[in-house]
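Novice: sequence and computational prediction follow.
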Amino acid sequence: MKLYRKLLLVIVIISSTSLWSQSKIQKYHYQMPLNCSECHSCDKPTHKDPCLIVCPDFKREGLTLQNTAEEAPELITIDKLARVYEPSIFTHKLHAEMSEMSGGCITCHHYNPPGKVLACIECHEPSKKRTDISKPGLTGAYHQQCLSCHREWSHKTNCTVCHAEKGSVHTSDKSEFAGKSHSRIEMPKKLVYQTEEEDNPVVTFFHTAHVEVYGTKCTDCHQDESCSRCHDMVKKQEIAEKESHENCIKCHEKEIDNKCERCHDSKERPPFTHERVGWKLKKYHATQNCQVCHNETKSAKLSKKCATCHKNWESGSFDHGTTGLVLDDEHIDLDCSDCHINSNFGKKPSCDDCHEDNFYPKMKPGELK
Amino acid sequence: MKQSRRDFFKTAGLIGAGASGLNPEKAKAAPVNIISDDRMGVLIDTTVCIGCRRCEYACKGAHDIPQGSLQDYDDRSVFEKLRRPEIDALTVVNEFTNSKDPDTPIDVKVQCMHCDYPACVSACIVGAISKQENGSVIWDTDKCIGCRYCMIACPFQVPAFEYNKALQPDIVKCDFCFDRTKDGGIPACVEICPMEALTYGKRFELVKLAHKKIANNPDKYIDHVYGETEVGGTSWMYLASKDFKELALPEHSDEPAPGASEALQHGIFKYFIPPASLFALLGGIMWLGKNKNESELGE
Ligand code: SF4
């Protein structure tokens, strides 16, 4: 009996410590690009005494938020400060969605200790008579966040844009705010830029091709987008003009340095086709994103040999049916190179490479699909 | 508050006595200029201010000036003209274009800077203005004789003159909400500012904060804390994204404004006895004359 108890105790201890260490290990917070002193006030923080600084004040690149807009609460009622006006209903999820192209959750949640998304009030004091002047109080924190965009695109700073007058019915009924989402952003097919380049001023940018074929994610280019880019027609134009090498450089660094003609032309260009590089894509390949084959250096020229990409094609692991030919029992166990001489899969094997008898071609090495 | 005819004669008599050298000790009201290490200040971040003018609204409320409705302050057409503090607006906000981003103009709140070496304190011939321990530069309405020396002395053109009330010749300016702050309150404008563009705190901490903000956002701010050293330092200080000259904040050296280090009235008493007496006399005649007109109108 005693032995059992001891055993049980040991099991409990082992499992609890391993659970504990697991949860710690997941966070890896010490690997984040921070100095220890940004979060800990003492030199040697221990588990017992981590001497954590409450809400440290560091730049937002410090930690990132892993959450997505889907996980965000939909509506948040901001009522902590409602004295003069009715509480504001903040369409949190909608804003989280919109932020995906303008910096993400960290635009507002700029301090994110592992494990928990902090609300503004956890760091910013509601009292206007602040004890810590290094960061704005709650009112300031809210307004600075909201107005940095709202002011830009609405050109309005009137309180009633967000706050309903005290006593109006506005806030009790939230249905007006629920279920809203940002309308789908229509992607332009192509954009033609007139640059200041003397010889070849025209750059044709195939937007849909970049997204659908080359696999560029929206956020690869649109990271720091401001709402006014779309919601303010005056500004829209100006930004488009400013658009420069900044976005392109991520993929086209080499060309920007010395191959201007790669993008700049004297006139508008036709879209890219794979045929232009000497290999017309058919069937399966034509449906793939560029990265599927050109994964490392995106535009690097690849050998036409199938094995360059299809490295793990071996007899037994490869379903020959995908090529349109289901191998029969006699052929299925052969080595690939028995038919595809020198593993040159680009060349269609011929029966007489192996067979001299004249019963071919009636008997195929399998069924055509 | 009101200075009666008899009170005026008392003040005039005092000046006269001082001027004629009869009892200089009594006339010399040594200017109060306390520079406490813990003096308070306000840091104005003009990159945060949105020009909502709520500070103007709150300021009026705190100083018994008719406010109108809050909505009146949404009128942005006032920004078409550059405004200065007035008797009925102790603080005003001006707006400037932002060449970097035309959609977010730069708004700059203007009020008394509450200098550490206030030229107005030294210029005041009756010692009506004082710099208090908490940093506020305030004045005593009962003492003010309306000579307007402070207006001329001020390096920021802040004090306004109450012309309309001849019975109460008075200088008017931002008093850093002394009535609120002396009991631990915060200035009315700081309290209302929705953006918290105004940070109220100990001046030395604000200076540190200002430099930290600049260091953390070198692209956002120019490397200059206006008021840190200008005219010897001011309690109100500014951060901005562009040169302060372009925001109508005058360029000043680090030296306190001329005469700020010495008490002007003492100089007058010592070396310019006849002009000072003459001024007092002329002032008295003017005052009596005005007062007569007033009473004639009233009767
Ligand atoms: S209340 Fe604040 S944000 Fe509004 S104008 Fe005054 S200082 Fe600027």
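Specialist: Received the coordinates, thanks.
Novice: break down the stretch 151-300 of chain A into its helices, ranges please.
Specialist: When assigned using DSSP state H, counting those that start in this stretch, the helices of the stretch 151-300 of chain A occupy the ranges A:207-208, A:218-221, A:228-231, A:233-242, A:245-248, A:253-258, A:283-286, A:290-293.
Novice: near chain A, which residues of the stretch 151-299 of chain B are found?
Specialist: When proximity is defined as C-beta under 8 Å from any C-beta of the partner chain, the stretch 151-299 of chain B approaches chain A at B:185-186, B:190-191, B:193-197, B:199-201, B:205-206, B:209, B:212, B:216. All C-beta spots, glycine's among them, are computed from the backbone N, C-alpha and C.
Novice: okay, and which of those residues map to strands?
Specialist: The subset of these located in strands under the criterion DSSP state E comprises B:199-201.
Novice: for the stretch 151-299 of chain B, which residue gets nearest to the ligand?
Specialist: When scored by C-beta to the nearest ligand atom, the stretch 151-299 of chain B has residue B:193 as its residue closest to the ligand, at 3.3 Å.
Novice: ok, now which ones touch that residue?
Specialist: In this structure, residue B:193 makes contact with A:140, B:49, B:54-55, judged by C-beta atoms under 8 Å, 6 or more residues apart in numbering or on different chains.
Novice: CA atoms only: put stretch A:250-258 into CSV for me.
Specialist: Once side chains and other backbone atoms are set aside, the C-alpha atoms of stretch A:250-258 remain, and they are given as CSV (Å, rounded to 0.1, in the frame of the first residue of the first chain):
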residue,chain,number,x,y,z
LYS,A,250,12.3,42.5,-50.9
CYS,A,251,12.3,40.1,-53.9
HIS,A,252,14.1,42.1,-56.7
GLU,A,253,17.1,43.3,-54.8
LYS,A,254,19.6,42.2,-57.5
GLU,A,255,17.7,43.8,-60.3
ILE,A,256,17.2,47.1,-58.5
ASP,A,257,21.0,47.4,-58.2
ASN,A,258,21.9,46.8,-61.8
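Novice: and residue A:75, how far is that from residue A:306?
Specialist: Per C-beta to C-beta, to the nearest Å, residue A:75 is found 54 Å from residue A:306.
Novice: and for residue B:84?
Specialist: For residue B:84, the distance to residue A:306 - C-beta to C-beta - is 80 Å.
Novice: check residue B:88 too.
Specialist: Look at residue B:88 and residue A:306: by C-beta to C-beta, they are 85 Å apart.
Novice: least reliable of the helices of the stretch 151-300 of chain A going by mean pLDDT?
Specialist: The stretch with the lowest mean pLDDT among these is helix A:233-242, at a mean of 49.
Novice: so what's the residue count around the residue nearest to residue A:217 when sequence neighbours are not counted?
Specialist: Once flanking residues are discounted, residue A:217 sits nearest to residue A:211: 7.9 Å by C-beta to C-beta, 6 or more residues apart in numbering or on different chains. Here the neighbour count serves as a burial measure; for residue A:211 (other C-beta atoms under 10 Å in any protein chain shown) it reads 16.
Novice: OK, contacts around residue A:211?
Specialist: A:187, A:217-218.
Novice: what does residue A:46 give?
Specialist: If a contact means C-beta under 8 Å, 6+ apart, then residue A:46 has no contacts.
Novice: ditto for residue B:252
Specialist: Contact analysis of residue B:252 by C-beta under 8 Å, 6+ apart lists B:155, B:230-231.
Novice: so which of those residues is the most crowded?
Specialist: Of all the contacts of residue B:252, the most densely surrounded is residue B:230 (26 neighbours; neighbours counted as other C-beta under 10 Å).
Novice: what sits against it?
Specialist: For residue B:230, the contacting residues are B:252-254, taking C-beta under 8 Å, 6+ apart as the criterion.
Novice: distance of residue A:106 from residue B:186?
Specialist: Taking C-beta to C-beta as the measure, residue A:106 and residue B:186 are separated by 31 Å.
Novice: right, I mislabeled it, should have said residue A:70
Specialist: Look at residue A:70 and residue B:186: by C-beta to C-beta, they are 42 Å apart.
Novice: the ligand contacts on the stretch 151-299 of chain B?
Specialist: Counting by C-beta under 6 Å from any ligand atom, the positions of the stretch 151-299 of chain B adjacent to the ligand are B:192-193, B:195, B:197-198.
Novice: run a quick neighbour tally on the residue of chain B found nearest chain A.
Specialist: Going by C-beta to the nearest C-beta, chain A is nearest to residue B:196 of chain B, at 2.5 Å. When counting by other C-beta under 10 Å, one arrives at 25 neighbours for residue B:196.
Novice: leaving out chain neighbours, which residue sits closest to it?
Specialist: For residue B:196, ignoring the flanking residues on the chain, the nearest one in space by C-beta to C-beta, 6+ apart is residue A:140 at 2.5 Å.
Novice: SS state for the one you found?
Specialist: Following DSSP: H, G, I helix; E, B strand; the rest coil, we place residue A:140 in the helix state.
Novice: residues contacting it?
Specialist: If you count contacts by C-beta under 8 Å, 6+ apart, residue A:140 has them with A:124, B:48, B:193-197.
Novice: got a markdown table for the residues you listed, with pLDDT too?
Specialist: As requested, these are exported to a markdown table (pLDDT from 0 to 100):
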| residue | pLDDT |
| --- | --- |
| A:124 | 91 |
| B:48 | 95 |
| B:193 | 95 |
| B:194 | 93 |
| B:195 | 95 |
| B:196 | 95 |
| B:197 | 96 |
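Novice: show me which of those are buried.
Specialist: Buried members of the contacts of residue A:140, counted by 16 or more other C-beta atoms under 10 Å in any protein chain shown: A:124, B:48, B:193-197.
Novice: nearest to residue A:335, of the residues you listed?
Specialist: Looking at those and their distance to residue A:335, the nearest is residue A:124, at 68.8 Å (C-beta to C-beta).
Novice: the inter-axis angle of the strand or helix carrying residue A:148 versus strand B:198-202?
Specialist: Using DSSP states H and E, residue A:148 falls within helix A:138-154. Here the directions of helix A:138-154 and strand B:198-202 differ by 150 degrees (axes from the mean of the first three to the mean of the last three C-alpha atoms, to 10 degrees).
Novice: tell me how far helix A:138-154 lies from the chain's centre.
Specialist: Taking C-alpha atoms, centre = their mean, to the nearest Å, one finds the center of helix A:138-154 at 26 Å from the center of the full chain.
Novice: test my guess that residue B:114 contacts residue B:136.
Specialist: Yes - the pair residue B:114 / residue B:136 is scored as a contact, 6.1 Å apart, by C-beta atoms under 8 Å.
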